[in-house]
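1. My questions concern the predicted model and sequence given below.
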Amino acid sequence: MLGRLTLRWHCFITVAASISLASASLDAQEGSKAKVLTPPKRADTTSASRASAPAGPAALAARPAVVPQSPVLDSIREVVFHNLLDKDRAGFSTLASAFCLSLSTDDFKKASTSQDRADPTEGMVRRLATSRTPARRASTCSFGPNAAGRSVAGRALLYTVGAIDLSAGDRAEAAAGYNYDGYSAGGYTFSVERSDSGWVVKQWRMEWTSKSASP
């Protein structure tokens with residue numbers, strides 16, 4: 001009699017354990033299916049896409065950049081800045097209210113949303129400034145939004161000297177760009193050579209240019 005009771009009790013425990021395990025397995029499968037079948041919210045995808053989009057003309061606000069420094073690099077930068085200012089390569093010198101100078105590591109081969117830049121030395125800026133082009137460091141300039149109906153005249157003209165390739169010894173290529181306060185922008189490549197009097201610009205080419213649809 002005792003053996004039969006023990007056997008029945010063992011069978012009851014085994015069946016109960018099997019039911020519990022089957023129920024847990026079914027719950028786990030249903031939970032897994034629920035996670036797989038739940039799609040991401042459309043609003044989350046849209047907000048992430050908008051967050052990574054460029055901020056437009058307001059992106060002229062600079063972020064600090066680390067650019068290589070040396071007397072040779074500064075000599076090349078100065079002669080490129082002088083050419084940009086003296087020759088009015090951007091074509092806005094008669095309209096600009098400020099001539100702002102900066103440095104970057106951009107190659108300016110195409111339009112870029114990067115606004116990382118640094119100021120040139122104060123000594124370089126003083127040597128480049130004239131009564132016609134009163135140059136100053138870019139960090140002291142103000143850039144406004146490109147609002148519709150805003151006058152084209154009186155905006156800040158930003159000149160930036162970017163990456164410099166010194167691999168050819170006494171010859172070098174220097175990238176440069178301009179941005180007329182969000183209204184117009186462009187990129188250049190300058191070829192310079194070392195002479196007895198210092199670095200000189202031998203030739204330059206425009207890489208790209210663009211203009212805002214509305215002033």
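-> Everything's here; your move. Residues are numbered from 1 along each chain as shown.
2. so what's Val72 up against?
-> Leu166 (CB atoms under 8 Å, 6 or more residues apart in numbering). Using the backbone N, CA and C atoms, a C-beta is placed for each residue, glycine as well.
3. For it, what are phi and psi?
-> The phi and psi values for Val72, taken as degrees, to the nearest 10, are phi -70, psi -50.
4. top strand in the protein by residue count?
-> Longest strand in the chain, counting residues (DSSP state E): strand 198-211.
5. Give the other helices and strands that that one contacts.
-> helix 71-87, strand 184-195 (3 or more CB pairs under 8 Å, 6 or more residues apart in numbering; DSSP states H and E).
6. at 10 Å instead, please
-> Applying 3 or more CB pairs under 10 Å, 6 or more residues apart in numbering; DSSP states H and E, one finds that strand 198-211 makes contact with helix 71-87, strand 171-180, strand 184-195.
7. Same list, the ones you listed, but as JSON lines with distance to Ser142 please.
-> Shown next, in JSON lines, are the helices and strands packed on strand 198-211 (distance: least, CB to CB, whole Å):
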{"stretch": "helix 71-87", "distance to Ser142": "19"}
{"stretch": "strand 171-180", "distance to Ser142": "13"}
{"stretch": "strand 184-195", "distance to Ser142": "17"}
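8. and those, which is most packed in?
-> Compared across the helices and strands packed on strand 198-211, strand 171-180 shows the largest average neighbour count, a mean of 22 (mean count of other CB atoms under 10 Å).
9. Could you name the helices and strands sitting against it?
-> Partner elements for strand 171-180 (3+ CB pairs under 10 Å, 6+ apart): helix 71-87, strand 98-103, strand 156-165, strand 184-195, strand 198-211.
10. Output those as JSON lines; include the columns distance to Arg127 and mean pLDDT.
-> As requested, the helices and strands packed on strand 171-180 are arranged in JSON lines below (distance: least, CB to CB, whole Å; pLDDT from 0 to 100):
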{"stretch": "helix 71-87", "distance to Arg127": "7", "mean pLDDT": "98"}
{"stretch": "strand 98-103", "distance to Arg127": "11", "mean pLDDT": "98"}
{"stretch": "strand 156-165", "distance to Arg127": "14", "mean pLDDT": "97"}
{"stretch": "strand 184-195", "distance to Arg127": "17", "mean pLDDT": "97"}
{"stretch": "strand 198-211", "distance to Arg127": "12", "mean pLDDT": "96"}
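11. So which of the ones you listed is nearest Pro145?
-> Closest to Pro145 of the helices and strands packed on strand 171-180 is strand 156-165 (CB to CB; 12.5 Å).
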